[in-house]
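**Student:** The following block contains a protein sequence and its predicted model.
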Amino acid sequence: MESTPIENIFAPVKLGPVHLRNRVIKAATFEGMAVKNLVSEALIDFHVAFAKGGIGMTTLAYCAISPDGQGAPNEIVIREEAVPGLHRFVEQMHALDVAASIQLGHAGPVGIGTGGRGLSASKVLAKQRMKKTYAASSEDLSEVIQDFVTATKLSASAGFDCIELHFGHGYLVSNFLSPKLNKRQDQWGGSIENRARLSREIANRVRDAAPDTMAVIAKLNMDDGVKGGLKIDESIAVAQILERDGSLDAIELSGGSSFENPMYLFRGDVPVNEMAAIFPKALRVPFKLTAKKFMPFYPFEEAFFLEYARSFRQALTMPLILLGGINKRQTVETAVAEGFEFVAMGRALLREPDLVNRWVNGINDDGVCIHCNKCMPSIYQGTHCYLVPVEERPGHAKWPPQPSNRI
Ligand SMILES: Cc1cc2nc3c(=O)[nH]c(=O)nc-3n(C[C@H](O)[C@H](O)[C@H](O)COP(=O)(O)O)c2cc1C
Ligand code: SF4
């Protein structure tokens, strides 16, 4: 694979049919700023800050393809009514020369589901909700696939440049990929080909539904970080199947599970007290007592997924997006030199929305995110970095919203 000359790491690049001014993608960090499951002014302002900060493409994060696919409060649910706000969002990004991606997913066992019971491959206890999930029927899965298609068409009509399919983090598609959680004996379970069927069906149907001008990418777990879960040999096999199908323009490489092992996808400090504060008072102490088991500590390392991602790079020829703990310009150089076409950055940009501009302008200081992870529970108050003063937090001038700044 040809490597890009190091001096060009911030040069324009194409993601499938889409032109990006550079290869840095703002990773999905759910904003928690939708109002009535619709785009708000605060949500747009949130992304304007990153767009002004120099990235090539931003990701409007977790948007549910259906009401039962929601994972948290204040999420966008894709439907006709959401399109005008989504269109406003895209217009604002384009005015700043930044491409707009929308992350579409079904939260599955992590989600609110129907009557508080999440959808999953097999029936399992969802500890977060203290309720059993229900195993999807073939009809449920046909509906989910159709909802992805409808959400794609609506996103295209709003002008999005890219669809990011959420196939990771223990959400519905990731749940089907897991040999631990998918115990089905029908065409959706068992062999890796069967467990990958849902991801393929969605990717292929979304590709068919998306206009030729739109990129389609997927966020995929390399390792669930869970005993008995999806491991790298099988996740590479899934990626190879997806590559052969040819429906995706890139794969973003992630890991961990919001359902079973959230800290695996973040690394760094475990924000036990801040997480406990989200729960009703009676549940705070039990949460703190069990948190160590549910949220074990993984030390933070720069580019913590690089080692696994290298195995993907060797096994695939399609474009890949390196994600996870990127805080240094040098890491972007390494990624490019090793054949990763894109990098995605989450917390480093929450901490410093203008970090990429600094690098583009030759100021090569490292990002100053301290991996305290206190931004994780901030999704319930409008996502922010705790170290950024309130008045400087992206979107916070309009959050919580007053009637005058709802759209
Ligand atoms: C506050 C917050 C919210 C997040 N929300 C999402 C999300 O909606 N969808 C998703 O796929 N990942 C989400 N993530 C995970 C990030 O996209 C990324 O995978 C993770 O933070 C590791 O990248 P980083 O080290 O650059 O932050 C979130 C991360 C944070 C910190
Ligand atoms: S709260 Fe700020 S410093 Fe802490 S991990 Fe999140 S972005 Fe980094």
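**Tutor:** That came through fine. Ligands and ions are numbered 1, 2, ... in the order given.
**Student:** Glu201 reaches Val144, doesn't it?
**Tutor:** No - here Glu201 lies out of contact with Val144, judged by Cβ atoms under 8 Å, at a distance of 9.2 Å. Every residue, glycine included, has its C-beta placed from N, CA and C.
**Student:** So between these two, which is more surrounded?
**Tutor:** Between Glu201 and Val144, counting by other Cβ atoms under 10 Å, Val144 is the more crowded of the two (23 against 18).
**Student:** Let me see the contact set for Thr383.
**Tutor:** For Thr383, the contacting residues are Thr29, Phe30, Glu31, Gly32, Met33, Phe46, Leu350, Cys375, by Cβ atoms under 8 Å, 6 or more residues apart in numbering.
**Student:** Count the neighbours of the second one for me.
**Tutor:** The local packing count at Phe30 equals 20, with neighbours defined by other Cβ under 10 Å.
**Student:** Kindly report the same for the first one.
**Tutor:** Per other Cβ under 10 Å, the neighbour tally for Thr29 reads 23.
**Student:** ok, now the fourth one?
**Tutor:** The number of residues packed around Gly32, counting by other Cβ under 10 Å, is 24.
**Student:** which residue packs closest to the residue in the stretch 151-300 of the chain that ligand 2 sits nearest to, ignoring adjacent ones?
**Tutor:** Ligand 2 sits closest to Gly268 of the stretch 151-300 of the chain, with a gap of 6.5 Å, by Cβ to the nearest ligand atom. Nearest-residue entry for Gly268: His371, 3.0 Å, with adjacent residues in sequence omitted and distances by Cβ to Cβ, 6 or more residues apart in numbering.
**Student:** tell me which element that neighbour falls in.
**Tutor:** His371 is part of no helix or strand, with elements assigned from DSSP states H and E.
**Student:** What is the subsequent helix or strand relative to the longest helix along the chain?
**Tutor:** Secondary structure of the chain read by DSSP state H shows that its longest helix is helix 138-157. For helix 138-157, the following helix or strand on the C-terminal side (DSSP H and E) is strand 162-167.
**Student:** That following strand close to ligand 1?
**Tutor:** Yes - where contact is defined by Cβ under 6 Å from any ligand atom, part of strand 162-167 touches ligand 1, namely His166.
**Student:** elements contacting that strand?
**Tutor:** Using 3 or more Cβ pairs under 8 Å, 6 or more residues apart in numbering; DSSP states H and E as the contact definition, the elements that strand 162-167 packs against are strand 57-64, strand 99-105, helix 138-157, helix 172-177, helix 197-209, strand 215-221.
**Student:** In this model Asn8 seems to touch Glu333, though I could be wrong.
**Tutor:** No - with contacts defined as Cβ under 8 Å, Glu333 does not count as touching Asn8, sitting 10.4 Å away.
**Student:** So which of those two has more stuff around it?
**Tutor:** Set side by side, Glu333 and Asn8 show more neighbours around Glu333, with 16 against 12, by other Cβ under 10 Å.
**Student:** is it true that the more buried one lies in a helix?
**Tutor:** Yes - the secondary structure assignment for Glu333 places it in a helix, going by DSSP: H, G, I helix; E, B strand; the rest coil.
**Student:** now the lowest-mean-pLDDT helix or strand in the chain: how far from the chain's centre is it?
**Tutor:** The helix or strand of the chain with the lowest confidence, counting by mean pLDDT, DSSP states H and E, is strand 125-126 at a mean of 83. Centroid displacement of strand 125-126 relative to its chain, using Cα atoms, centre = their mean, to the nearest Å, is 22 Å.
**Student:** With stretch 14-26 instead?
**Tutor:** Its chain's C-alpha centre and that of stretch 14-26 lie 17 Å apart, by Cα atoms, centre = their mean.
**Student:** mind listing the helices in the protein by residue range?
**Tutor:** Going by DSSP H, the chain shows helices at 41-52, 83-95, 138-157, 172-177, 192-195, 197-209, 232-245, 272-276, 281-294, 306-315, 329-337, 347-351, 355-360.
**Student:** deepest of the helices and strands packed on strand 162-167, which one?
**Tutor:** Here the criterion is mean neighbour count by mean count of other Cβ atoms under 10 Å, and of those the winner is helix 172-177, at a mean of 29.
**Student:** Distance-wise, check Tyr298 relative to Leu242.
**Tutor:** Spatial separation of Tyr298 from Leu242 under the definition Cβ to Cβ, to the nearest Å is 27 Å.
**Student:** Which one's more surrounded, these two?
**Tutor:** Shown here are Tyr298 and Leu242; by other Cβ under 10 Å, Leu242 has more neighbours (23 against 17).
**Student:** how near is that one to Leu141?
**Tutor:** As for Leu242, its distance to Leu141 is 18 Å (criterion: Cβ to Cβ).
**Student:** Same question for Leu265.
**Tutor:** 25 Å.
**Student:** Hmm, Val124 is touching Thr133, no?
**Tutor:** Yes - between Val124 and Thr133 there is a contact under Cβ under 8 Å: 5.4 Å.
**Student:** Between those two, which has more neighbouring residues?
**Tutor:** A side-by-side neighbour count of Val124 and Thr133, using other Cβ under 10 Å, places Thr133 first with 24 against 21.
**Student:** Now do the contacts for the nearest residue to Tyr134 once chain neighbours are set aside.
**Tutor:** Counting by Cβ to Cβ, 6+ apart, Arg117 is the residue found nearest to Tyr134 once chain neighbours are left out, at 5.2 Å. Counting by Cβ under 8 Å, 6+ apart, Arg117 makes contact with Ala126, Arg129, Lys131, Lys132, Thr133, Tyr134.
**Student:** how far away is Pro389 from Tyr62?
**Tutor:** In terms of Cβ to Cβ, Pro389 sits 26 Å off from Tyr62.
**Student:** cool, Phe167 as well?
**Tutor:** When Cβ to Cβ is applied, the distance between Phe167 and Tyr62 equals 13 Å.
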